[in-house]
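Chemist: Sequence unavailable; structure follows:
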């Protein structure tokens, strides 16, 4: 789709303008704003993970994906306020392009409109500069949907295996992944496509099995802190994550 846009002489300069504005709005002065309370907690936990100070999953601070990803960035970049917020900035940059698989049969004008909506969205811009789970989760969910669609169209195993990886990262980000799965599932049911999807998964049982194996592997790897705290796997499933947030919903806030 991007190549189709670049082939259009009228859209080409618009695309480059949007790309430059996207990079500027997500990266410029990323380090200058003082860290919010939650940002400080996430950055500190990521630094402790990087320093091998014994990070262990806790439902209070959501899943381990952010801390794992950020600790990897800390190993290849200087540790400062900029690199601390870089994971969400990268998610905000990737998001407009992650969903272009939905526009394969659409016109270039629809695709460029989607990119423009993402680039100029105040909400997406804000969460792409705020160290938290939301920008990561929405980008991961879009990747899951896009790769799932590509697998449906091509039946190539690489797409469903890549989808499995990003789905596992969703599960390792924030419990809100339940709402995304609910949305995907209800869409398939309401649209009447659920039976066709079930049939395809049964026909390609090797791909289906590979999908679940990849999800289980990466879920266990991240929630166990790379094998150091195996109890984190159960805690991330049912032991702590869901009970904690159910109890939080019962607390009187005011």
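Modeler: Arrived safely, thanks for sending. The model shown is predicted, which means the values in this text are computed figures rather than measured ones.
Chemist: Do a quick rundown of the helices in the stretch 151-254 of the chain.
Modeler: Secondary structure of the stretch 151-254 of the chain (DSSP state H, counting those that start in this stretch): helices at 157-171, 177-191, 194-203, 205-223, 231-234, 241-250.
Chemist: got JSON lines for these, with mean neighbour count too?
Modeler: Where C-beta positions appear, they are placed from N, C-alpha and C, glycine not excepted. Output for the helices of the stretch 151-254 of the chain, formatted as JSON lines (neighbours: other C-beta atoms under 10 Å):
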{"stretch": "helix 157-171", "mean neighbour count": "21"}
{"stretch": "helix 177-191", "mean neighbour count": "13"}
{"stretch": "helix 194-203", "mean neighbour count": "12"}
{"stretch": "helix 205-223", "mean neighbour count": "16"}
{"stretch": "helix 231-234", "mean neighbour count": "17"}
{"stretch": "helix 241-250", "mean neighbour count": "12"}
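Chemist: Which of these comes out lowest on mean pLDDT?
Modeler: Comparing mean pLDDT across the helices of the stretch 151-254 of the chain, the weakest is helix 241-250, with a mean of 81.
Chemist: just the angle between it and helix 205-223, please?
Modeler: 60 degrees (axes from the mean of the first three to the mean of the last three C-alpha atoms, to 10 degrees).
Chemist: Contacts made by helix 241-250 with the rest, please.
Modeler: Applying C-beta atoms under 8 Å, 6 or more residues apart in numbering, the contact partners of helix 241-250 are 59-60, 63, 175, 235.
Chemist: Relative to residue 19, which of the residues you listed is nearest.
Modeler: Of all these, residue 19 sits closest to residue 63, with 30.7 Å by C-beta to C-beta.
Chemist: Can you tell me the closest non-neighbouring residue to the closest one?
Modeler: Leaving out its chain neighbours, the residue that sits closest to residue 63 by C-beta to C-beta, 6 or more residues apart in numbering is residue 172, at 4.4 Å.
Chemist: which ones are touching that neighbour?
Modeler: With contacts defined as C-beta under 8 Å, 6+ apart, the neighbours of residue 172 are 63-65, 68, 218-219, 222-223, 236.
Chemist: Spatially nearest residue to residue 58 (excluding sequence neighbours)?
Modeler: residue 240 (7.4 Å).
Chemist: Run a quick check on that neighbour versus residue 60, I expect a contact.
Modeler: No. Between residue 240 and residue 60 there is no contact under C-beta atoms under 8 Å: 9.2 Å.
Chemist: How much space separates residue 103 from residue 115?
Modeler: Per C-beta to C-beta, to the nearest Å, residue 103 is found 10 Å from residue 115.
Chemist: and the two? which has more neighbours close in?
Modeler: Using other C-beta atoms under 10 Å, the more surrounded residue of residue 103 and residue 115 is residue 115, with 24 against 18.
Chemist: So what's the predicted local confidence for residue 11?
Modeler: 84.
Chemist: That one touches residue 108, doesn't it?
Modeler: Yes. Counting by C-beta under 8 Å, residue 11 does reach residue 108; the two are 5.6 Å apart.
Chemist: Compare these two (neighbour count), which wins?
Modeler: Applying other C-beta under 10 Å to residue 11 and residue 108 shows that residue 108 carries more neighbours, namely 20 against 17.
Chemist: what would the contacts of helix 241-250 look like in JSON lines with pLDDT and neighbour count?
Modeler: JSON lines is the format used below for those (pLDDT from 0 to 100; neighbours: other C-beta atoms under 10 Å):
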{"residue": "59", "pLDDT": "90", "neighbour count": "18"}
{"residue": "60", "pLDDT": "89", "neighbour count": "10"}
{"residue": "63", "pLDDT": "93", "neighbour count": "27"}
{"residue": "175", "pLDDT": "90", "neighbour count": "17"}
{"residue": "235", "pLDDT": "91", "neighbour count": "20"}
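Chemist: From those, pick the one nearest residue 209.
Modeler: residue 63 (24.4 Å).
Chemist: OK, contacts around that closest one?
Modeler: So residue 63 contacts 57, 133, 171-175, 222-223, 236, 241 (C-beta under 8 Å, 6+ apart).
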